[in-house]
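Novice: Curious how this folds, go ahead:
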Amino acid sequence: MGDKSTGRAGTTGRDSAADRTPTPETIRNVVLVGHSGSGKTTLAESLALATGVLNRAGKVHDGTTVSDYDEIEHRQQRSVQLALIPLEHAGMKINLLDAPGYVDFVGELRAGLRAADAALFVVSALDGIDGGTRMLWEECAALAMPRALVVTKLDCPQADFAATVEQCREAFGGDDPDSVLPLHLPQDGTLVRLLDARAPDAATDPDRKAVEESRNRLIEAIIAESEDEELMDRYLSGDAIDLKTLVDDLERAVARGAFHPVLASAPPADGSRHGLGTAEILELVTSAFPSPADRPQPPVTTPDGRPRPALACDPEGPLAAEVVKTSGDPYVGRLSLVRVFSGTLRPDVPVHVSGHGHSERGHEDHDIDERVGALSFPLGKTLRPAARAVAGDIVCIAKLARAETGDTLSAPAEPLLVAAWELPDPLLPIAVAAHSKADEDKLSQGLGRLVAEDPTLHLEQNQDTRQLVLWCLGEAHADVLLERLRSRYGVSVDPVPYVVPLRETFGAPARGRGRHVKQSGGHGQFAICEIDVEPLPPGSGFEFVDRVVGGSVPRQFIPSVEKGVRAQLAKGVSAGFPVVDVRVSLIDGKAHSVDSSDAAFQTAGALALREAAAGAVIRLLEPVAEVRVMVPDDHVGGVLSDLSGRRGRVLGTEPVGSSGRTLVRAEVPEWEIVRYAVDLRSLSHGAGTFTRSYVHHEAMPEAVAARILG
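Specialist: Purely as a prediction, here's the structure:
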């Protein structure tokens, strides 16, 4: 990053490093992180142009752009999925992962973080830093992932590089703002490299002063992070520190995540191949970001949970790879994007597929063998054949029929399971119904493919409401899922109002009589029973008591009455929701020696319960959830007020360390938080998150029940 590198961008061609088999030491896996509209895709295309992947018209040889894959992205004018862009620079293969910036697609971002060894945070000089980007920085910090920042859109007249750098220092510097400093200063359309250059001769005095101050601050920050304890003493005593020492210490500090350089970027001018800062960004990625061999590998076990030795990023080691993304292609079928952590992956060989399983989300647990199809490196819509993928590399596999996102690929003789990465909980329910009978026939298969592609999707067939529910991360996530279901798999569905699973209970004791008497040729039907119904304390469930005396109901038909009562309880007695927390006592009845039967007494039991309900007070019970909301301190008041308006009972608030965040705990009726995933995002400007867990059902206020039931 000083004068030891020319900063010249490499090119791709027939003998490029991307086409040759690299070694782990010559690979860099980097994910682009930033909010939607920050300029990630423009930056990716600038880097691709500088390295020869794109021509000057911004196209690869097949006429598409490097991220030109999903037709939904064209219609929505935003990235909705992770894109891999293989680049080459200075003999290094760079797997650049362009992750969506919109919070609804954080699952794709988590996949990018899993596949990458370092992150470039992209910050717009016009829009600044949003709450979601701050949260992602903290997430990367928890993973000890090396990070750098790129300030984009510097070609705009309103751009202010210095002000944006100060925002980055405040947002990401934590207790040490000098861990976030620029390596270069943009002046007069060029970059002044602070470590090995002074201000241009034509620079004004203020510009010269800015360069000198920034240079001194950068040098002091590098020396403060140096592993050479004598370097600071030498510097303070006035010794000149040579450039190579500074650059080496800088690169080591970046690689271990102790220093986060800020770089500048602007797209290439017309006819140019190099935008402002592209050479410097490529230089940083190849010289300061770690190789896969320098990063710890995720822990592994056997599929049955027994511990295994830690993995090393060794092409000769045991095979351990992970599917980080699954997508469907209309021509080649299912495509699996795979990060290889250990060993070497080759085409047309058997592998063992191990999956963690998320049955609660509709994902099955895998423990099977499959054969690997063709390997390829994607570039736009083109898949370039690959002979192998070594440890540390990222590759596409065609036609893995069973493997899903998050599954592990290993040798059949030595099955392994890579530890799962954390998935966000989908908290926005979208109820759907097939548009037509033809769609209904294809719905199961289409939804199965969606689930295989997207581990953040939770598919639920609610037994109480009989609704098919897609639990999503937000409205944009839901829109993409439904559009993908229609355009890719030919299945149309219609959204329907989501129904919260309520319960019913008796508000007071009641009595009912069920009479089922029918006489037609042959055996008739005869059964009469009388029951008492009593409400029980919340959470008691259902009790059935036999209080018959004198044999008025034969012993063999008493279980039949209970069965009929239970069936009616499941159907409900007022609004169609299951009845809970009641005791039903069979007190009397009548039977016929010929015409009584099991079926007749089941029917009589159900009729008796319905008659008891007809003259009783029936109360609706609604589910209540404990909601845990994490928000920045300055949004706590708004969150508390909003929860109160949702009939919530606040249980407490507590600060979360020194992060400037507060955890708010409350119990809130689930009916009131159906759209909370969307509303909280708006309320907290994207900086709030929440979880919820079922607590109990409780009586719904009559006014609310009347409003909900219309």
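Novice: unless I'm mixing things up, residue 445 is touching residue 488, no?
Specialist: No: using Cβ atoms under 8 Å, residue 445 is not in contact with residue 488; the gap is 11.9 Å. Using the backbone N, CA and C atoms, a C-beta is placed for each residue, glycine as well.
Novice: Which of these two has more residues huddled nearby?
Specialist: Each of residue 445 and residue 488 has its neighbours counted (other Cβ atoms under 10 Å); residue 488 has more, 19 against 11.
Novice: What is the burial count for residue 272?
Specialist: 12.
Novice: what about it, which SS state?
Specialist: Following DSSP: H, G, I helix; E, B strand; the rest coil, residue 272 is assigned to coil.
Novice: Grab the most central residue of this structure for me.
Specialist: The centroid of the chain falls nearest to residue 107 when counting by Cα atoms, centre = their mean (2.4 Å).
Novice: Not counting the lengthiest helix in the chain itself, show me its contacts.
Specialist: What stands out as the longest helix in the chain, according to DSSP state H, is helix 205-224. By Cβ atoms under 8 Å, 6 or more residues apart in numbering, the residues outside helix 205-224 that reach it are 162, 178-179, 181-183, 185, 187, 192, 194-195, 198-200, 203, 231-232, 235, 241, 246, 249-250, 253, 259.
Novice: Looking at those residues, which are in helices?
Specialist: Using DSSP H, the contacts of helix 205-224 in helices are 162, 231-232, 235, 246, 249-250, 253.
Novice: And the chain, what are its domain boundaries?
Specialist: 24-216+256-294, 300-418, 428-496, 503-616, 620-709 (automatic domain parsing).
Novice: gap between the two ends of the last one?
Specialist: The stretch domain 620-709 measures 10 Å between its terminal residues, going by Cα to Cα, to the nearest Å.
Novice: now that domain, how far from the chain's geometric center?
Specialist: 21 Å (Cα atoms, centre = their mean, to the nearest Å).
Novice: With the longest one instead?
Specialist: With Cα atoms, centre = their mean as the basis, the distance from the averaged C-alpha position of domain 24-216+256-294 to the chain average is 22 Å.
Novice: thinking again about what came up before, give the rounded mean pLDDT of the host helix or strand of the residue nearest to the centre of the chain.
Specialist: Here residue 107, judged by DSSP states H and E, is contained in helix 106-115. When pLDDT is averaged over helix 106-115, the result is 90.
Novice: pLDDT of the helix or strand following that helix, averaged?
Specialist: Later in the chain than helix 106-115, the nearest helix or strand by DSSP H and E is strand 118-124. Confidence for strand 118-124, expressed as mean pLDDT, is 96.
Novice: so how far does stretch 114-129 reach from one end to the other?
Specialist: 23 Å.
Novice: Which positions within it qualify as buried?
Specialist: By 16 or more other Cβ atoms under 10 Å, the buried positions in stretch 114-129 come out as 114-127, 129.
Novice: which one of those residues is nearest residue 353?
Specialist: residue 114 (17.2 Å; Cβ to Cβ).
Novice: Grab the nearest non-local neighbour of that closest one.
Specialist: residue 421 (4.9 Å; Cβ to Cβ, 6 or more residues apart in numbering).
Novice: and the one you found, what does it touch?
Specialist: Counting by Cβ under 8 Å, 6+ apart, residue 421 has contacts 110, 113-114, 298, 406.
Novice: Which of those sits closest to residue 148?
Specialist: residue 113 (14.9 Å).
Novice: Now the closest one. Nearest residue, chain neighbours left out?
Specialist: Closest to residue 113 by Cβ to Cβ, 6+ apart is residue 31, at 6.0 Å.
Novice: which residues does the one you found bridge with?
Specialist: Residue 31 has these beta-bridge partners by DSSP bridges: residue 97, residue 119.
Novice: What is the neighbour count of it?
Specialist: Neighbour tally, residue 31, other Cβ under 10 Å: 26.
Novice: was I right about it contacting residue 111?
Specialist: No: at 9.2 Å, residue 31 does not count as touching residue 111 under the criterion of Cβ under 8 Å.
Novice: pLDDT averaged over stretch 127-144, what's the number?
Specialist: 86.
Novice: for the chain, longest strand please?
Specialist: Identified as the longest strand of the chain according to DSSP state E is strand 618-632.
Novice: Now do the helices in the stretch 251-400 of the chain.
Specialist: If DSSP state H, counting those that start in this stretch is used as the criterion, the helices of the stretch 251-400 of the chain fall at 278-287.
Novice: how much space between the spatially closest residue to residue 478 that is not a sequence neighbour and residue 104?
Specialist: Closest residue to residue 478 apart from its sequence neighbours, by Cβ to Cβ, 6+ apart: residue 472 at 4.2 Å. As judged by Cβ to Cβ, to the nearest Å, residue 472 and residue 104 stand 8 Å apart.
Novice: and what of residue 685?
Specialist: 15 Å.
Novice: With neighbour numbers in mind, choose between those two.
Specialist: residue 104 (25 against 14).
Novice: Would you mind confirming that that one makes contact with residue 481?
Specialist: No: if you go by Cβ under 8 Å, residue 104 and residue 481 don't touch, sitting 10.1 Å apart.
Novice: what is in contact with the two at once?
Specialist: residue 472.
Novice: Check whether residue 441 sits in a helix, strand or coil.
Specialist: Strictly by three-state DSSP, residue 441 counts as helix.
Novice: and it, how many neighbours does it have?
Specialist: 11.
Novice: ok, now residue 206?
Specialist: Residue 206: 9 neighbours (other Cβ under 10 Å).
Novice: Likewise for residue 260?
Specialist: 23.
Novice: Also the one 4 residues further on?
Specialist: Taking other Cβ under 10 Å as the criterion, the count of residues near residue 264 is 24.
Novice: All the helices of the stretch 501-650 of the chain, in order from the start?
Specialist: 558-571, 598-614, 636-645.
Novice: contact partners of the last one?
Specialist: For helix 636-645, contacts defined as Cβ under 8 Å, 6+ apart pick out 627, 629, 631, 650, 653, 662, 664, 666, 668, 679-680, 683-684, 688.
Novice: Also stretch 247-259?
Specialist: Residues contacting stretch 247-259 (Cβ under 8 Å, 6+ apart): 1-2, 4, 141, 144-148, 179, 181, 195, 221-223, 225-228, 231, 260-261, 284, 287-290, 294.
Novice: Give me the buried subset of those.
Specialist: Here, 16+ other Cβ under 10 Å leaves 1-2, 145-148, 179, 181, 195, 221-223, 225-226, 231, 260-261, 284, 287-290, 294 buried among the contacts of stretch 247-259.
Novice: Please give me every residue in contact with the nearest residue to residue 524 once chain neighbours are set aside.
Specialist: Spatial nearest neighbour of residue 524, chain neighbours left out: residue 595 (4.1 Å); criterion: Cβ to Cβ, 6+ apart. By Cβ under 8 Å, 6+ apart, the residues touching residue 595 are 519, 523-526.
Novice: Repeat that for residue 130.
Specialist: 35, 685-687.
Novice: Helices - which of those land there?
Specialist: Going by DSSP H, the helices hold none of the contacts of residue 130.
Novice: could you dump those to TSV with distance to residue 537 and pLDDT?
Specialist: What follows is those, written out as TSV (distance: Cβ to Cβ, whole Å; pLDDT from 0 to 100):
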residue	distance to residue 537	pLDDT
35	50	88
685	43	85
686	43	83
687	41	86
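Novice: Kindly indicate which of these lies nearest residue 463.
Specialist: residue 686 (34.7 Å).
Novice: List the residue ranges of this protein that fall below the pLDDT cut-off.
Specialist: 1-20, 56-78, 197-204, 271, 329-332, 357-364, 380, 521-522, 710 (pLDDT under 70).
Novice: No further queries at this time; thank you.
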